[in-house]
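[1] Dropping the sequence and predicted coords here.
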Amino acid sequence: MLDRVRCLMRRVWRNLKQSPVLCTAAIGTVAVALTIIAFFGIVVLNVQQVTRQWSQDIQVIAYLEQSPSASQIQAWTAKIKAMPEVEKVVFVSRDEAFRRFQKRLGPDAELLEGFGPEILPAAMEITLKPPYRNQAGVGELVGRLRQDANFSDLTYEQEWLTRFDAFIGLLKLGGVIFGGFLLFAALFIVANTIKLTLYARRDEIEIMGLVGGSSMYIKTPFLLEGALQGLVGGLLAVAGAFGLFQWLLKEGLAGFLLISGIGHILFLSLPQQLLLVAAGTALGLLGSAASLRKFVRI
Amino acid sequence: MIQICNVSMSYQKDSTALIDLTIRIPKGDFVYLTGASGAGKSTLLKLLYGAEKPTRGQILIDGQNITRLRSSRIPHLRRRIGIVFQDFKLLNSRTLFENVAFPLEVQGRKRFEISTKVYQALKHVGLHGKLHRFPLQLSGGEQQRAAIARALVGDPMILLADEPTGNLDDEVTQEIMELFKGANARGTTVILATHNRDLIRQFPRRVLLLDKGRLKEDYTP
């Protein structure tokens, strides 16, 4: 058994040594293809972060005609908080609303001279749980609130929500289509590069078959070789994606992120990096398997 | 014993390579398969080593019907058969030793056994002094002798040769034929496809003459 494993490893090593150019080409193809996919993944990851940040602004505000008593505030807060869509409820008194308004006006706050907090209504600011931060979620919550006469005056940004939903939908669809396309393109290119390496060794494959090599005996070193090339390509892709992340995203998008209110830009997490390396290995393996089907017919 | 019973073979609907062949080759026989180009010699050899399957008929080798073999069993059939080609089919990137060791490696034999048998096989064909040479460093005759060593190293019961002397001059052809005769004398059944009539005249043995896929004559000169 040990002899066979040693022999197998020797054959894999000899194959790699025999055609260094093709071997490098296969590794390079996997690395480039996966770097592009990883870079796209990083962009999606960070756009998701931005949209998550934006979605925190999705609120429903219920304006109250009268300033409620402390017990009413407590009862309403508890009632609203019990609704499934609600994450947080904050009561904003007239005084608090007036203070915020003054603050927002900044140097123009003097315009409010002669006015008091009674010009603004008290309100309940309702923040939704992340899964409900969309048009449908807001719609459900508003419907539920309207059943209570105390919350008849509701405000939420309908038009902004519609656009936000459309943007997220487009982003997801684009991600699936572009990501899927990239993955298939990568598989196609890798399979063809490996086909070239097999084509260069077609004589060896033919002779192995003629002298009694089983399909498994012939294929195993090539599959291992493909997997090894994919593994190295995957590792290089992680390094390549990190390089692009440093040069293009981190530097280039710093200003945009500041405006978006995001302090830092994300790179792939460790499990995502491992997934990328595993994807490289799988690409190499599948590429080899697909090409071998054509060359080994025993 | 090889029994070929009513075998027909066509690659396409309108072109038939072999038509209703019935041949019996006893164990240890030496047979020439002859005929013009396209007569079906190579096709018959391919059927014998399982590279093709007949469209009709059965082929039995030592009682085993090879036309019904699952593809996973074909390698086991080929380990009992040595094959020699006109173009030698040696790997130019491997030494002579590595080329001849190939069939034994494939069978998973131990390294010591491989070394011993490969040396013996190369000694038998007179190439034991060139173990570490590469095929392109050898003459055509030497390459064919190496190919014969590779075919015989696993002690096959059948040796198939497809135009093995086609690229060689007369003197080298004599040497190669001596090797085939030697293998046959040790009990290996030899089937040699050739269209060279002089060869048959020089080394007379049983002749199967194919003509357009049919067995035209079966005689011993």
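    Received it, and whenever you're ready, just let me know what you need.
[2] ranges for the strands of the chain?
    I'll assume chain A. Applying DSSP state E to chain A gives strands spanning A:59-64, A:86-92, A:122-128, A:153-155.
[3] ah, no, chain B please
    Along chain B, the segments classed as strands by DSSP E run B:2-12, B:15-25, B:30-34, B:56-61, B:64-65, B:81-85, B:158-162, B:189-194, B:206-211, B:214-219.
[4] Make a markdown table out of these and add mean pLDDT and distance to chain A.
    (Glycine included, C-beta is placed from N, CA and C.) Putting the strands of chain B into a markdown table (pLDDT from 0 to 100; distance: least, CB to the nearest CB, whole Å) gives the following:
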| stretch | mean pLDDT | distance to chain A |
| --- | --- | --- |
| strand B:2-12 | 91 | 15 |
| strand B:15-25 | 90 | 19 |
| strand B:30-34 | 95 | 18 |
| strand B:56-61 | 94 | 14 |
| strand B:64-65 | 93 | 15 |
| strand B:81-85 | 93 | 6 |
| strand B:158-162 | 94 | 10 |
| strand B:189-194 | 95 | 15 |
| strand B:206-211 | 94 | 22 |
| strand B:214-219 | 92 | 26 |
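[5] right, and the ones you listed - which one's nearest residue A:82?
    Between residue A:82 and the strands of chain B, the tightest spacing by CB to CB is seen for strand B:2-12, at 78.2 Å.
[6] Spell out which strands sit alongside the closest one in the sheet and which way each one runs.
    In the sheet, strand B:2-12 lines up against strand B:15-25 (antiparallel), strand B:56-61 (antiparallel) (DSSP bridges).
[7] residues of the last one that come out buried?
    For strand B:56-61, the buried set under the neighbour-count rule, 16 or more other CB atoms under 10 Å in any protein chain shown, comprises B:57, B:59-61.
[8] which of these sit farthest apart?
    The most widely separated members of those are B:57 and B:61, with 13.9 Å between them, by CB to CB.
[9] Give the residue spans of chain B that score low on pLDDT.
    Chain B contains no residues with pLDDT under 70.
[10] again, only using 80
    Where chain B drops to pLDDT under 80, the residues are B:12-15, B:167.
[11] residue nearest the centroid of it?
    residue B:160 (1.6 Å; CA atoms, centre = their mean).
[12] so it touches residue B:78, yeah?
    No. Residue B:160 is beyond contact range of residue B:78, at 10.1 Å (criterion: CB atoms under 8 Å).
[13] Mutual contacts of these two, please.
    Common contact partners of residue B:160 and residue B:78 (CB atoms under 8 Å, 6 or more residues apart in numbering or on different chains): residue B:49.
[14] Pull the contacting residues for the residue nearest to residue B:205 when sequence neighbours are not counted.
    Once flanking residues are discounted, residue B:205 sits nearest to residue B:30: 4.4 Å by CB to CB, 6 or more residues apart in numbering or on different chains. Applying CB under 8 Å, 6+ apart, we find residue B:30 in contact with B:180-181, B:184, B:189-190, B:192, B:205-206.
[15] Who wins on neighbours among those residues?
    Within those, neighbour counts (other CB atoms under 10 Å in any protein chain shown) peak at residue B:192, which reaches 27 neighbours.
[16] What's the local residue count around the spatially closest residue to residue A:34 that is not a sequence neighbour?
    Spatial nearest neighbour of residue A:34, excluding adjacent residues (CB to CB, 6+ apart): residue A:237 at 3.4 Å. Other residues near residue A:237 come to 27 when the count uses other CB under 10 Å.
[17] Residue A:237 touches residue A:276, doesn't it?
    Yes. Using CB under 8 Å, residue A:237 makes contact with residue A:276 at a distance of 5.8 Å.
[18] Return every residue with contacts to both of these two.
    A:34, A:37-38.
[19] Quick check: residues of chain B near chain A?
    Contact residues (CB under 8 Å from any CB of the partner chain) of chain B with chain A: B:49, B:71-72, B:74-76, B:78-79, B:83, B:89, B:91, B:93, B:102-103, B:105-108, B:110-111, B:150, B:154.
[20] Tell me which of those fall in helices.
    Cross-referencing these against helices under DSSP state H gives B:74-76, B:78, B:102-103, B:105-106, B:111, B:150.
[21] Adding distance to residue A:245 and neighbour count, write those residues out as JSON lines.
    Listed next are those as JSON lines, based on distance: CB to CB, whole Å; neighbours: other CB atoms under 10 Å in any protein chain shown:
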{"residue": "B:74", "distance to residue A:245": "52", "neighbour count": "20"}
{"residue": "B:75", "distance to residue A:245": "49", "neighbour count": "23"}
{"residue": "B:76", "distance to residue A:245": "54", "neighbour count": "14"}
{"residue": "B:78", "distance to residue A:245": "53", "neighbour count": "24"}
{"residue": "B:102", "distance to residue A:245": "48", "neighbour count": "24"}
{"residue": "B:103", "distance to residue A:245": "52", "neighbour count": "29"}
{"residue": "B:105", "distance to residue A:245": "47", "neighbour count": "19"}
{"residue": "B:106", "distance to residue A:245": "48", "neighbour count": "22"}
{"residue": "B:111", "distance to residue A:245": "49", "neighbour count": "13"}
{"residue": "B:150", "distance to residue A:245": "54", "neighbour count": "29"}
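[22] May I have the residues that are in contact with residue 154?
    If you meant another chain, say so; for now it's chain A. A:60-63, A:142, A:145-146.
[23] meant chain B, my bad for not saying
    Counting by CB under 8 Å, 6+ apart, the residues that residue B:154 touches are A:211-212, B:79, B:82, B:103-104, B:107.
[24] And it, how far from residue B:57?
    Distance, residue B:154 to residue B:57, using CB to CB, to the nearest Å: 28 Å.
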